[in-house]
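Asks: For reference, the sequence and a predicted model appear below.
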Amino acid sequence: MASWLPVTLFEIVGQGPAPSKDYYQLLVTKSQVIFRWWKISLRSEFRTTKPGETKETHEDFLENSQLQVQVALVFGAKILDYVFNLCKGKFDFLERLSDKLLLSIISYLDLEDIARLSQTSHRFAKLCVCDELWEQIVQSSCDTITPDMRALAEEIGWKQLFFTNKLQLQRQLRKRRKSHGSLTRKTHV
């Protein structure tokens, strides 16, 4: 499984905590943790300061509490925890899947499971409400999708279309046909 991993496992950049204006980069590769920094200062004694870099093997990073503190100060405890897991060989393969593939997988879940999945991360929250997912769900639950239904879905969204009951859907389609019919008649007159 580890051979599926790209050379760069994780990368994040950010500014140091206030009042610092310094910039930092944390890069985790298959074999190293690389921490880089750039001093940003108007003070003359720091103007000639060159960027810095620390490279550690995964094993050495797990033992280097000083570097761990720096990473936690700049990027937070969650990022430090994630880097620990990467260094220990605990990879999150699900996070590495493309959105298109994840949408295809999610479309097979029950509605309750989609609701629960949407609460697990920002990425899944976004995927669980996107039109592409709900279009797949509507297509799998309907025998046919008429051009009117497709047009209505473009207006109100596929998720809203899915949760609209049949009576309401028929009313909305009739109303849409009437409004578009009156527009067509006006343009022909």
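Replies: Ah, there it is. Residues are numbered from 1 along each chain as shown.
Asks: Show me the domain layout of this protein.
Replies: By the assignment in automatic domain parsing, the chain contains the domains 2-95, 97-188.
Asks: Export the ones you listed to TSV and append columns for mean pLDDT.
Replies: Listed next are these as TSV, based on pLDDT from 0 to 100:
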stretch	mean pLDDT
domain 2-95	88
domain 97-188	86
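Asks: what about the residue most central in space within the chain, helix or strand, and which?
Replies: Ranked by distance to the mean C-alpha position of the chain (CA atoms, centre = their mean), the top residue is R123 at 3.2 Å. Secondary structure assignment for R123, by DSSP states H and E: helix 122-129.
Asks: what comes into contact with that helix?
Replies: Contacting residues not belonging to helix 122-129 are listed as E95, D99, L102, L103, I106, I114, A115, L117, S118, Q119, L133, K159 [CB atoms under 8 Å, 6 or more residues apart in numbering]. In this view, the C-beta of every residue, glycine as well, is placed from N, C-alpha and C.
Asks: Dump the C-alpha coordinates for it into CSV.
Replies: Taking Å, rounded to 0.1, in the frame of the first residue of the first chain, the C-alpha atoms of helix 122-129 are listed here in CSV:
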residue,chain,number,x,y,z
HIS,A,122,-14.9,20.0,5.9
ARG,A,123,-14.1,18.1,2.7
PHE,A,124,-16.8,15.5,3.3
ALA,A,125,-19.3,18.2,4.3
LYS,A,126,-18.7,19.9,1.0
LEU,A,127,-19.0,16.7,-1.0
CYS,A,128,-22.2,15.5,0.8
VAL,A,129,-24.1,18.6,-0.3
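Asks: going on from it, what's the next piece of helix or strand?
Replies: Using DSSP H and E, the helix or strand that directly follows helix 122-129 along the chain is helix 131-141.
Asks: At which residues are the strands of this protein located?
Replies: Using DSSP state E, the strands of the chain run over residues 8-15, 23-29, 32-38, 52-57.
Asks: Select, out of those, the one closest to G89.
Replies: Among the strands of the chain, the nearest to G89 by CB to CB is strand 8-15 (10.5 Å).
Asks: between that closest one and strand 32-38, how many degrees?
Replies: 20 degrees (axes from the mean of the first three to the mean of the last three CA atoms, to 10 degrees).
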